[in-house]
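> Sequence first, then the predicted structure, then my questions.
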Amino acid sequence: MSDKKKLLENFSALAFMQILNYLLPFITLPYLVRVLGPEKYGVYIFSQAFVQYFMIIVDFGFDLSASREISINRHNKEKLNEIVSSILGIKVILSIISFCILVLAVTLVPTLREYWTVHIFTFGFVLGNMLLTLCFYQGIERMKFITIFNASAKIIFTISIFIFVKNENDLIIAPLLNSLGYILVGISSIIVMKKVFHLRLQLPSIKEMKYHFQSSLEFFWSRLAVSFYTTSNIFVVGLALGPTAAGIFGSADKLFKGMVSLYSPLNSVLYPYVAYSKNILLYKKILKVAIVVNLILCVSAFVFSDFIVYLVFGSGYEQSVFLLRIMVCAAIFIMPSILLGYPLLGALGKTKHVNNSAIYPSICHILLLVVSFSFLSVELVVFYTLITEVLVFTYRAYGVKKYQLLKVV
């Protein structure tokens, strides 16, 4: 199979999966917003933002560190057994630690204690993520398998939302159903990995787990830093301004994340490919097309943002229109920033520069939130996000120019 055909096949599979991941929630989104109301819907997305921290801990950057290593060792079955088994072992340990932290947090923090059952059920996302061996399928560039059972599970549980969630008293049912979907996808990924690709899971040694843990540590810090200026926004808004404000901010953020998610498949496909092939010429062609498409998408979203918000959420979310427009401005920088990151800088050995490009701006973002916490507003938070994304892009663009990574030899 040619490089272009393989890239197209994996991109198509990942794009379809990513579209489903955001399209299916968008199908249920107008329904949940109206059935749960702004306050309970705010609790729902606040809980997702809270649990996202544990998702990052359990992921530990393995989709970046491990997918690259799997891509390089794709023809060495014993090495693949070792890598996958070690990563699953680490993820199990991190999941147990995360659940203990969750229980402690909902016990000690009054804001979290009020809806502790929602947070516990939402933690099912983490369990599904623990089982999901996405890095393996990314590394061997066979994403169609993940796409098939991801689509099947998500469709089933999306339909279930309309059947079982009838009013605001059914708040805990929505995260429970979503969690079951995540867990089913995780279990399916393990079964296919063993039955189709004949990988043999084994008890990993402490030495192997320590090696893979340390190898992924820098990627973890980078991912954690990114969460400080993405996921943390809803969490901080919820703590400072309450669930209704979290609902208003989260509504715009959901639409924004849906748009940004379109970049994720390209990022996931290009990273292992460039790391393996070093084909800069093809990368540059893809980058140019992606920038043009992104600009068209951003301009369209900006112009029609009021129509989009009303269509999805109905009346009562007018404040989300302004927030969405500022987020769209940030998206102009986010897309090239993503593609200059791990698919280029990271794949060509400049991972420290990529990680620092996320860590330093995130520190600035957190400082801004802390300093302005007493007079925080949703508008202020979204402006901070725009500033942060510009800083990330500038840092990465400087690195690409400094190391002359777009120079075709």
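Structure received. Residues are numbered from 1 along each chain as shown.

> Next, count neighbours for L270.
Using other C-beta atoms under 10 Å, L270 has 25 other residues around it. Glycine gets a C-beta too; all of them are placed from N, C-alpha and C.

> next one: the one 3 residues further on
Look at Y273: counted by other C-beta under 10 Å, it has 24 neighbours.

> tell me the secondary structure for it?
The three-state label given to Y273 by DSSP: H, G, I helix; E, B strand; the rest coil is helix.

> residues contacting V354?
222, 341-342, 345-346, 396, 399 (C-beta atoms under 8 Å, 6 or more residues apart in numbering).

> please redo it, this time with the cut-off set to 10 Å
Counting by C-beta atoms under 10 Å, 6 or more residues apart in numbering, V354 touches 64, 218-219, 222, 340-347, 392, 395-396, 399.

> between these, which is closest to H365?
When those are compared for distance to H365 (C-beta to C-beta), V392 wins out at 9.8 Å.

> How about A397, nearest residue that isn't a chain neighbour?
Leaving aside its chain neighbours, A397 sits nearest to L340 (6.3 Å; criterion: C-beta to C-beta, 6 or more residues apart in numbering).

> what's the answer for Y310, then?
Y317 (7.7 Å).

> pretty sure the one you found contacts V309?
Yes. With contact defined as C-beta atoms under 10 Å, Y317 counts as touching V309 (5.7 Å).

> Three-state assignment for F197, please.
Under three-state DSSP, the three-state class of F197 is coil.

> In terms of helices and strands, where is A397?
Here A397, judged by DSSP states H and E, is contained in helix 378-402.

> Now do the buried residues in that helix.
Within helix 378-402, the residues scored as buried using 16 or more other C-beta atoms under 10 Å are 378, 381-386, 388-393, 395-396, 399-400.

> Next one: the residue nearest to A397 from L270, what distance?
L340 is 11 Å from L270, where distance means C-beta to C-beta, to the nearest Å.

> who touches both of those two?
L287.

> Quick one: residues contacting F157.
24, 28, 174, 176-182, 184-185.

> Could you single out the nearest of those residues to I83?
V185 (20.7 Å).

> can you count the residues close to the closest one?
Counted by other C-beta under 10 Å, the residues lying close to V185 total 23.

> cool, and the one 3 residues further on?
Around S188 sit 19 other residues, with neighbours defined as other C-beta under 10 Å.

> what's the answer for Y182, then?
Counted by other C-beta under 10 Å, the residues lying close to Y182 total 23.

> Distance of the closest residue to it other than its chain neighbours relative to P204?
Spatial nearest neighbour of Y182, excluding adjacent residues (C-beta to C-beta, 6+ apart): G128 at 2.8 Å. As judged by C-beta to C-beta, G128 and P204 stand 21 Å apart.

> Where does the residue nearest to V400 when sequence neighbours are not counted sit, in terms of helix or strand?
Nearest residue to V400, sequence neighbours excluded (C-beta to C-beta, 6+ apart): L340, at 5.4 Å. Assigned by DSSP H and E, L340 belongs to helix 319-340.

> counting contacts, what elements does that helix pack onto?
Here helix 319-340 touches helix 243-260, helix 264-277, helix 280-303, helix 305-313, helix 351-371, helix 378-402, going by 3 or more C-beta pairs under 10 Å, 6 or more residues apart in numbering; DSSP states H and E.

> mind checking which of those helices is nearest M335?
helix 280-303 (4.1 Å).

> Would you indicate which residues of the closest one are buried?
Residues 280, 282-283, 286-287, 290, 294, 297-298, 301-302 are the ones in helix 280-303 that count as buried (16+ other C-beta under 10 Å).

> That helix relative to helix 319-340, how many degrees between them?
Counting by axes from the mean of the first three to the mean of the last three C-alpha atoms, to 10 degrees, helix 280-303 lies at 170 degrees to helix 319-340.

> mean confidence for helix 280-303?
Here helix 280-303 scores 92 as its mean pLDDT.

> chain center to stretch 299-318: distance?
Centre-to-centre, stretch 299-318 and its host chain are 23 Å apart (C-alpha atoms, centre = their mean, to the nearest Å).

> What of stretch 396-404?
With C-alpha atoms, centre = their mean as the basis, stretch 396-404 stands 25 Å off its chain's centre.

> Any quick ChimeraX command for the buried ones out of the contacts of V354?
Provided next is the ChimeraX selection string for whichever of these are buried by 16+ other C-beta under 10 Å:
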select :64,218,219,222,340,341,342,343,344,345,346,347,392,395,396,399
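
> tell me which of the contacts of V354 is nearest to F50?
S222 (20.8 Å).

> circling back to that earlier point, tell me which residues touch the residue nearest to Y182, please.
55, 58, 153, 178-187, 189.
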